[in-house]
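1. I'd like to go over a predicted model; first the sequence, then the structure.
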2 protein chains.
Amino acid sequence: MNKGLLIVVSAPSGCGKGTVLNEILKDDSFYYSISATTRLPREGEADGVNYYFISKEEFENRIKENAMLEYAEYCGNYYGTPKKELEEKLAEGKNVILEIEVQGAMQVKKLCPDGIFIFIVPPSVKELERRLKKRGTETDDVISRRVAEAAGEIKQASNYDYVVVNAALEDAVEDFKTIVKAEKLKTAYAENLINEVLENA
Amino acid sequence: MNKGLLIVVSAPSGCGKGTVLNEILKDDSFYYSISATTRLPREGEADGVNYYFISKEEFENRIKENAMLEYAEYCGNYYGTPKKELEEKLAEGKNVILEIEVQGAMQVKKLCPDGIFIFIVPPSVKELERRLKKRGTETDDVISRRVAEAAGEIKQASNYDYVVVNAALEDAVEDFKTIVKAEKLKTAYAENLINEVLENA
């Protein structure tokens, strides 16, 4: 059996990335990699669902043992990707989705050049602004800052392999699946398949 | 508008490559690149349909003028890919299909690293042998030689980007279209699209 694909997904906030991934994850050939963090669980969050909640000491031990694929520190807390589970799932043939911001994605790219890097974008920055305003949960200042940040991130899309526009959910999900399907037809990935064709030749 | 993709397709004979391409070409976003040759038309062949039939002098002039993307000589005749038409069709946004043998494909790969290189294979070499025997048009000796040649060619599949197994026509056509669709989602190809998203940002 072939290994699964490592799929790294980034998107500016407000792109509907979560909705796209929820649809993808209905197909159980995909597995969502759960991050580890040292921050405390918020209400409603469960260990092993939203995050693996571990102590600072344990996180630092894991860093020393090279057990984190990538990690970063925000606001005094660590966040990172445990390597072991990811490798196990890939070995089982699952396509492992790593939802991660641009900096982390670029770390992973150096370590896992075989990964598939997908960047999800809104149909336009204007539309992103409209969506954020519609939510009505943030002030105009915050929205302006987030839109500017998003524009900055989208300019980094060229560091990714693929870009998926989330204009209509259904199309974005189909594009995502098309990418995964095509990647599995790559000769580098399909080596087993070529050997099967040649069997008894 | 984005340029079309240059799609180079090779396959051992007996793989049903022609049938797959006929299906693909029903979609008029694809264009089949017609080769030029100095050999005489056979009965039923028409200029500009099967080949562009040109004189040896004209072919050699075109070589000198660098008007051939690639060419080769077989049995005293030239065969080659005229560059001009191919470039025009790509500029019009058509996906241009170049059906070409392995050597020619590798020449094109050096010249056009942005091309998409697809190798079509039979489900197995055994199945290829069965298909050739079923046709009943060739002797066992010829079939053995063709099967051995096919196996040799399939070993070169790793020089291509993608492999499509023609077990069932419908699946092979879908795989082919999936590859083309995914290639258009590549950030390198979708640069215009990213710029559109950023418009007015």
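-> Received the coordinates, thanks. Residues are numbered from 1 along each chain as shown, chains lettered A, B, ... in the order given.

2. And chain A, what are its domain boundaries?
-> What automatic domain parsing lists as the domains of chain A is A:1-29+A:93-201, A:34-92.

3. quick one: pLDDT of the residue of chain A found nearest chain B?
-> Residue nearest to chain B within chain A: A:Ala182 (3.4 Å; C-beta to the nearest C-beta). Placement of C-beta: from N, CA and C, glycine included. Note on A:Ala182: pLDDT of 97.

4. which SSE is it in?
-> Secondary structure assignment for A:Ala182, by DSSP states H and E: helix A:169-183.

5. May I have the phi/psi pair for the nearest residue to A:Val147 once chain neighbours are set aside?
-> Distances taken as C-beta to C-beta, 6 or more residues apart in numbering or on different chains put A:Glu129 closest to A:Val147, at 4.8 Å, once the chain neighbours are dropped. The phi and psi values for A:Glu129, taken as degrees, to the nearest 10, are phi -60, psi -40.

6. returning to what we had before: just the CA coordinates for the next helix or strand after the helix holding A:Ala182, please, in CSV.
-> Sequence order places helix A:191-198 as the next helix or strand after helix A:169-183, per DSSP H and E. Extracted in CSV, the C-alpha atoms of helix A:191-198 (Å, rounded to 0.1, in the frame of the first residue of the first chain):
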residue,chain,number,x,y,z
GLU,A,191,6.0,4.0,-8.4
ASN,A,192,4.3,0.9,-6.9
LEU,A,193,1.7,1.2,-9.6
ILE,A,194,4.3,1.2,-12.3
ASN,A,195,6.0,-1.8,-10.8
GLU,A,196,2.6,-3.6,-10.8
VAL,A,197,2.1,-2.9,-14.4
LEU,A,198,5.5,-4.3,-15.1
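
7. Can you pull out the residues in contact with helix A:191-198?
-> Contact with helix A:191-198 is made by A:2, A:187, B:121-125, B:151, B:154-155, B:157-158, B:163, B:165, as judged by C-beta atoms under 8 Å, 6 or more residues apart in numbering or on different chains.

8. give me that answer again for 7 Å
-> Residues from elsewhere that reach helix A:191-198 (C-beta atoms under 7 Å, 6 or more residues apart in numbering or on different chains): A:2, A:187, B:121-125, B:151, B:154-155, B:157, B:163, B:165.

9. now do stretch A:74-84
-> With contacts defined as C-beta under 7 Å, 6+ apart, stretch A:74-84 is touched by A:33, A:35-39, A:52, A:56, A:59, A:67-72, A:98.

10. which of these count as buried?
-> Neighbour-count burial (16 or more other C-beta atoms under 10 Å in any protein chain shown) is assigned, among these, to A:33, A:35-38, A:52, A:59, A:67-71, A:98.

11. ok, back up a step: out of the domains of chain A, which gets nearest to B:Leu111?
-> domain A:1-29+A:93-201 (19.9 Å; C-beta to C-beta).
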